[in-house]
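# Below are the sequence and a predicted model for it; my questions follow.
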Amino acid sequence: MSQQQVDEETPLLLPVQQKKARTPLPWRQFSIILFLQLAEPLTSQVIAPFAPQLIRDIGITDGDETRVGYYVGLMHSLFFATQALTVLHWSRISDHIGRKPVILTGLFGLSISMYCFGLSRTFWGLVLSRALNGALNGNIGVIKSMMVEITDSTNLAQAYAYMPIAWSSGGAIGPLIGGSLSRPADRFPNIFGHWQFMKTYPYFLACAVPATFSILAWVVTFLFLQETVPTRVTPWRLLKGQSREHSTPVKGPATPTGSSDSLSTEDTPQRAKADGSKPLPLRSLLIPRVIIAAGNYSALSFLDIAFRAVQPVFFATPLELGGLGLDPPRIGNILAIYGVINGLFQIFFFADLHDRFGSKTIYSISMAAGIPMIVTLPIINAVARVQGLSLMVWVIVGLQLALSMILNLAYACVFIYIAAASPNQASLGATNGIAQLGVSIARTIGPASATSMFSFSIKNPHHAWIVYYYLIALVCMGICMSLLLPRHLWKNHH
C-alpha cells in the first residue's frame with residue numbers, strides 16, 4: 001500500500017497527525033515466533049477428527065451415542081482448566097526471568113503430554129495427559145508479549161495479522177494428521193497391519209507427530225530465539241556469568257508517531273526501559289481498561305471455542321440425530337480447508353482493513369457475524385435430511401466457514417486492545433497473563449457446556465434447538481462487551 005493510499009483511507013482516524021509508513025517487521029525473530037507458536041494449535045487440533053471415535057473406543061459411554069459429545073467437550077475443557085490455574089503465574093514469571101525459559105518449559109510440556117495422550121487407553125489416562133498439557137503451557141500470553149516487544153505502533157496490526165498463520169496452519173495440518181493417521185493399522189494395513197503396537201495404541205501415531213514437532217520447536221527456540229526482556233537475569237546467562245544488563249535483547253524499531261488507533265506511546269522495549277518502568281503488582285493492573293480488554297477477549301474466546309467444539313461433533317453425529325453423519329477423514333478435510341483459507345484471508349486483508357476502519361469497527365462487525373454462522377448449523381441438517389449430501393449442503397458449509405473467517409478477524413483487534421491496555425511496557429507479560437487467565441476460564445467452560453447442550457439437544461427432540469439458542473446467547477454477550485471498547489485506543493502512561 002502506498003503512502004498516498006494510507007493517507008486517503010484513514011482521514012477519520014487521523015484528524016491531526018499524518019500517518020507514518022509501516023516499519024518493516026523484524027522477520028528473523030518474527031518467523032521464529034510464528035514457527036514455535038505452531039506447536040500449540042497442532043497439539044490441540046490433531047485430536048478433533050478422532051476424538052468422538054476415541055471416546056467410543058475406550059467404552060466410557062457404554063455405547064450411548066448421545067453421551068459422546070459430553071465426554072469430547074470435557075476432554076477439550078480439561079486443557080484450559082489446568083491452564084487457567086497456571087497461565088498468570090507463567091506470564092508474571094516471564095516479566096522477571098524472561099520470555100524464553102517460559103516458552104521452553106511450555107514446549108516441553110506439550111511434547112510429553114501428547115506422547116502420553118497417544119499411549120492412553122483409559123479415560124483417566126486421557127484426563128491426566130490433557131491436564132499436564134495445560135498446566136505446563138503458559139506460552140500464549142508470553143508469545144503475545146514478545147510480539148509487541150519486537151514491533152512498534154505502525155506494524156503491530158500487520159504482525160497480529162500474521163499470528164493466525166500459526167493457528168490456521170495448525171488448524172489445517174492438525175485435523176489432517178488426526179484424521180489420516182488415527183487407527184493406521186485399519187487405514188494402511190499393508191504398512192502398519194503387522195504392527196501390534198499400532199493396533200494396541202491406534203491413536204499414538206497421530207499424537208506422536210505434533211509431539212515430535214514440539215521437540216523440534218524447543219530446539220529452534222533454544223538455539224535461535226533472542227530474549228526481549230532486557231533488564232533481568234536469565235538462567236543460562238547466570239551459568240555463563242553474564243547479567244542481562246550486559247546482554248543485547250531484541251529491539252523493536254524506533255518508534256514513529258502512530259495513528260490514534262494503534263499502540264500509542266512508549267511501545268518499544270528500549271523506550272520503556274529508558275523510562276525505568278518496572279513490573280507493577282497485580283492489584284495495580286486490575287484497572288478498568290485492562291478488565292474491559294480482557295473481558296472482550298474472554299467473551300470472544302468463549303463463543304469461538306464453544307462453536308469449534310460443537311462443529312466437529314455436529315459433523316460426526318448421524319443425520320437423523322441432527323448432525324451431518326461425516327467420517328473423521330472428511331471432517332479433517334473440512335477443518336483443514338477452513339484453516340488454510342482463514343490464514344490467507346487474515347494475512348492479506350487484516351492489516352489494510354485495520355488501517356481503514358480501525359479496531360473497534362472490525363471487532364464489532366466480526367462479533368455480529370457469529371449469529372448467522374451459528375444459524376447455518378440447523379439449516380445444514382435440514383437441507384441434508386431432504387437432499388442428502390447435495391451441492392446445496394456444501395454451499396451452506398462454505399458460507400459457515402466464510403462467516404467463521406470474519407469472526408476470526410476479531411482476535412487481532414482484541415490483541416491490539418490488550419497491548420494498549422497495559423499500564424506500562426514492563427507489565428506487558430502480566431497484562432497478557434490476566435487476559436489469558438480469563439480466556440482459559442472461558443475455554444474451560446465453553447467446550448464442555450456447548451457439547452453437553454448439543455448432547456441434550458439430540459436426546460430431546462422437543463428441545464433440538466437449545467444448543468443453538470445457547471450459542472446465540474454467547475454472541476449477544478460478546479456484542480454487549482464490545483460496546484465497552486473505546487473507538488480510539490488507550491494511551492500508555494507511566
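Right, received. Where do you want to start?

# Now tell me which helix or strand of the protein has the poorest mean pLDDT.
Here the helix or strand of the chain ranked lowest by mean pLDDT, DSSP states H and E is helix 3-9, holding a mean of 38.

# tell me what whichever helix or strand comes after that helix is packed against?
Reading on from helix 3-9 to the C-terminus, the next helix or strand found by DSSP states H and E is helix 27-37. For helix 27-37, the packing partners by 3 or more Cβ pairs under 8 Å, 6 or more residues apart in numbering; DSSP states H and E come out as helix 139-149, helix 156-181, helix 204-224. C-beta coordinates here come from the backbone N, C-alpha and C atoms, glycine included.

# who touches stretch 57-77?
Stretch 57-77 is touched from outside by 47, 51-52, 55-56, 121-123, 126-127, 130, 202, 305, 309-310, 313, 317-318, 321, 443-452, 454-455, 458-459, with contacts defined as Cβ atoms under 8 Å, 6 or more residues apart in numbering.

# and the residues you listed, which are buried?
When those are checked for burial by 16 or more other Cβ atoms under 10 Å, the buried set is 47, 51-52, 55-56, 123, 126, 130, 202, 305, 309-310, 313, 317, 321, 443-452, 454-455, 458.

# Let me see the contact set for the residue nearest to Val475 when sequence neighbours are not counted.
Among residues not flanking Val475 along the chain, Gly370 sits closest, at 3.8 Å (Cβ to Cβ, 6 or more residues apart in numbering). Contact analysis of Gly370 by Cβ under 8 Å, 6+ apart lists 303, 307, 403, 407, 471-472, 474-475, 478.

# burial of Gly179, as a residue count?
24 (other Cβ atoms under 10 Å).

# ok now do it, which residues does it touch?
By Cβ under 8 Å, 6+ apart, the neighbours of Gly179 are 49-50, 328-333.

# Beyond the single longest helix found in the chain, next helix or strand please.
The longest helix of the chain (DSSP state H) is helix 328-368. Sequence-wise, the next helix or strand downstream of helix 328-368 (DSSP H and E) is helix 370-387.

# Could you name the residue of the chain that is farthest from its center?
Distance from the centre of the chain peaks at His194, with 38.5 Å (Cα atoms, centre = their mean).

# So which bits of the helix or strand hosting Phe302 are buried?
Here Phe302, judged by DSSP H and E, is contained in helix 288-316. For helix 288-316, the neighbour count (16+ other Cβ under 10 Å) marks 289-316 as buried.

# what's the answer for stretch 74-90, then?
74-84, 86-88, 90.

# Three-state assignment for Leu54, please.
helix (DSSP: H, G, I helix; E, B strand; the rest coil).

# so which of the contacts of Gly179 is the most crowded?
Of all the contacts of Gly179, the highest neighbour tally under other Cβ under 10 Å goes to Pro49, namely 32 neighbours.

# is it true that that residue touches Leu335?
Yes - taking contacts as Cβ atoms under 8 Å, Pro49 lies within contact range of Leu335: 7.2 Å.

# between the two, what contacts are shared?
Common contacts of Pro49 and Leu335, defined by Cβ under 8 Å, 6+ apart, comprise 175, 312.

# Met453: what's it in contact with?
If you count contacts by Cβ under 8 Å, 6+ apart, then Met453 has 466-467, 470 around it.

# Quick one, which of those are buried?
Counted by 16+ other Cβ under 10 Å, the contacts of Met453 give 467, 470 as buried.
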